[in-house]
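[1] Sharing a sequence plus its predicted fold:
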Amino acid sequence: MIIDPIVERLHKQREEYMEQFHYDLDAIIRDIKAHEAACETHLLEAPASPPLKPATQGIRFARR
């Protein structure tokens, strides 16, 4: 198996970040939300999905 140094570094950083909060998920979420609130750039919202087209009424099942 090939070890990717970038993935390994990300795993290490994630582990260190979680250790800061003693693996308390609520504390981690509060920290992330605080960083989002302090961020001066606004995150983009996903565009609205286009409306679904109604099914064609002339569809028939194939005969054998």
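    Sure thing, it's come through.

[2] So what's the residue count around residue 39?
    9 (other C-beta atoms under 10 Å). In this view, the C-beta of every residue, glycine as well, is placed from N, C-alpha and C.

[3] same question but for residue 27, I mixed them up
    If we define neighbours as other C-beta under 10 Å, then residue 27 has 13 of them.

[4] What is the neighbour count of residue 18?
    So residue 18, with other C-beta under 10 Å, has 14 neighbours.

[5] Do me a favour and get the backbone dihedrals for the closest residue to it other than its chain neighbours.
    In space, and not counting its chain neighbours, residue 18 is closest to residue 28: 6.8 Å by C-beta to C-beta, 6 or more residues apart in numbering. Main-chain torsions, residue 28, degrees, to the nearest 10: phi -60, psi -40.

[6] correct me, but residue 28 touches residue 14?
    No: the criterion here is C-beta atoms under 8 Å, and residue 28 misses it with residue 14 at 10.4 Å.

[7] Who has more neighbours out of these two?
    residue 28 (15 against 10).

[8] Tell me how many other residues crowd residue 2.
    For residue 2, using other C-beta under 10 Å, the count is 4.

[9] do the one 5 residues further on as well
    A count of nearby residues for residue 7, using other C-beta under 10 Å, gives 10.

[10] before we move on, what about the one 4 residues further on?
    By other C-beta under 10 Å, 11 other residues sit near residue 11.

[11] In which helix or strand does it reside?
    Assigned by DSSP states H and E, residue 11 falls within helix 5-20.

[12] Let me know the average pLDDT across that helix.
    Mean pLDDT, computed over helix 5-20, is 96.

[13] what does it contact?
    residue 28 (C-beta atoms under 8 Å, 6 or more residues apart in numbering).
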